[in-house]
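> build me a structure from this.
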Amino acid sequence: RVLDSNPLLEAFGNAQTVRNDNSSRFGKYIQLQFDVEDPVNAVYAGHTMPSCVLAGSKCEVYLLEKSRVVHHEPEERTYHIFYQLLASDNAIKAE
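Next comes the predicted model:
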């Protein structure tokens, strides 16, 4: 579930450059939060090590090239999301 947001983030943060059609122009820091079993309870439950369950996550996203929003080289494109919005169905745009 943590990585489900990645395609959306890529649409906002990836752009076509001269060298790469899908170049990542953003940074992402994902902090995973775990719920760890109490060591004493683990021993009573017969575990050699406490269990650990993913309890949540926090994702920090930041653009590396904010200038690309307003300017890019002639042979390059800006962020994919702008082209995806323009290519969307007119009924969706009307909403």
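
> what segments of this structure are strands?
In the chain, the strands defined using DSSP state E lie at 14-15, 23-24, 26-36, 52-63.

> pick the most buried one from those strands.
Stretch with highest mean neighbour count among those: strand 14-15 (a mean of 22; mean count of other CB atoms under 10 Å). Any C-beta I mention is one placed from the backbone N, CA and C, and that applies to glycine too.

> who does that strand touch, helix- and strand-wise?
strand 23-24 (3 or more CB pairs under 8 Å, 6 or more residues apart in numbering; DSSP states H and E).

> quick check: mean pLDDT of the strand it packs on?
The average of the pLDDT scores along strand 23-24 is 68.

> repeat that for stretch 74-87.
Averaged over stretch 74-87, pLDDT sits at 75.

> could you dump it to PDB, C-alpha only?
Provided in PDB are the C-alpha atoms of stretch 74-87 (Å, rounded to 0.1, in the frame of the first residue of the first chain):
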ATOM      1  CA  PRO A  74      12.700  23.300 -26.600                       C
ATOM      2  CA  GLU A  75      13.400  19.500 -27.100                       C
ATOM      3  CA  GLU A  76      12.200  18.600 -23.600                       C
ATOM      4  CA  ARG A  77       8.800  18.500 -21.900                       C
ATOM      5  CA  THR A  78       7.500  19.700 -18.600                       C
ATOM      6  CA  TYR A  79       6.000  17.300 -16.000                       C
ATOM      7  CA  HIS A  80       3.800  14.500 -17.300                       C
ATOM      8  CA  ILE A  81       0.800  15.500 -15.300                       C
ATOM      9  CA  PHE A  82       0.100  18.600 -17.500                       C
ATOM     10  CA  TYR A  83       0.000  16.500 -20.700                       C
ATOM     11  CA  GLN A  84      -2.200  13.800 -19.000                       C
ATOM     12  CA  LEU A  85      -4.700  16.500 -17.900                       C
ATOM     13  CA  LEU A  86      -4.800  18.000 -21.400                       C
ATOM     14  CA  ALA A  87      -5.300  14.500 -22.900                       C
END
